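Engineer: Predicted model, plus sequence, below.
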Amino acid sequence: MVKNKARALGINHIVLEVDDLDKALTFYGKIFEFNLRGRNDNNAFIDMGDQFIQLRLGRTQEPDGARHFGFVVDNREAVKQALDEMGVQMLEHRMNFHDPWGNRVEVVSYEDIQFTKAPNIMRGMGVKNLEKTPSAIKELAKKNMAP
């Protein structure tokens, strides 16, 4: 019996399956500002500071239903505008959409959630002056994590 368990500290990366890397990079590049961490014949890696998204060739399942990931951004309105301009239909009011390969994405605002990037990571990403809402600070305070 294991007495000490590992503590989950976060998510290093997620993998999204796509059918065309160039089209996927173009699609996501119209929505989000990002740096390409690396690329090979089957994968592209989108940098998000100390995390990344891996785009991988070979979609193997039907479009996502409830399964999704929450993409944290500094400006939801800019995302909504880009999606509207591309004709991407929202799945519900919470900024959920399918990418062209059926990956379901929810866009959430950094200010509104307890997810927090360390100041040195934010500085390295060139992000400044993002303040948490009172409700997000309250969530963090309950866990003794408030700034």
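Structural biologist: Here it is on my side, so go on.

Engineer: On the pLDDT front, check Val2 for me.
Structural biologist: As predicted, Val2 sits at a pLDDT of 67.

Engineer: now Asn40: how far from Asp20?
Structural biologist: The gap separating Asn40 from Asp20 is 15 Å, by CB to CB, to the nearest Å. From N, CA and C alone the C-beta is placed, and that goes for glycine too.

Engineer: Of those two, give the one with the bigger neighbour count.
Structural biologist: Legend: neighbour count by other CB atoms under 10 Å for Asn40 and Asp20, higher for Asp20 (14 against 8).

Engineer: how about that one, what does it touch?
Structural biologist: Leu57 (CB atoms under 8 Å, 6 or more residues apart in numbering).

Engineer: From Phe69, how far off is it?
Structural biologist: From Asp20 over to Phe69 the distance is 20 Å, taken as CB to CB.

Engineer: Kindly report the same for Arg76.
Structural biologist: Taking CB to CB, one finds Arg76 at 16 Å from Phe69.

Engineer: Tell me which of those two has more neighbours.
Structural biologist: Shown here are Arg76 and Phe69; by other CB under 10 Å, Arg76 has more neighbours (17 against 14).

Engineer: Would you check how far apart the closest residue to that one other than its chain neighbours and Asn43 are?
Structural biologist: Nearest non-adjacent residue to Arg76, counting by CB to CB, 6 or more residues apart in numbering: Ser109, 5.0 Å away. If you measure Ser109 against Asn43 using CB to CB, the figure is 29 Å.

Engineer: Neighbour count: these two, which is higher?
Structural biologist: Ser109 (17 against 14).

Engineer: Run through the protein and note the low-pLDDT ranges.
Structural biologist: 1-2, 93 (pLDDT under 70).

Engineer: all helices of it, in order?
Structural biologist: Per DSSP state H, the chain carries helices over the ranges 21-31, 76-86, 119-125, 134-142.
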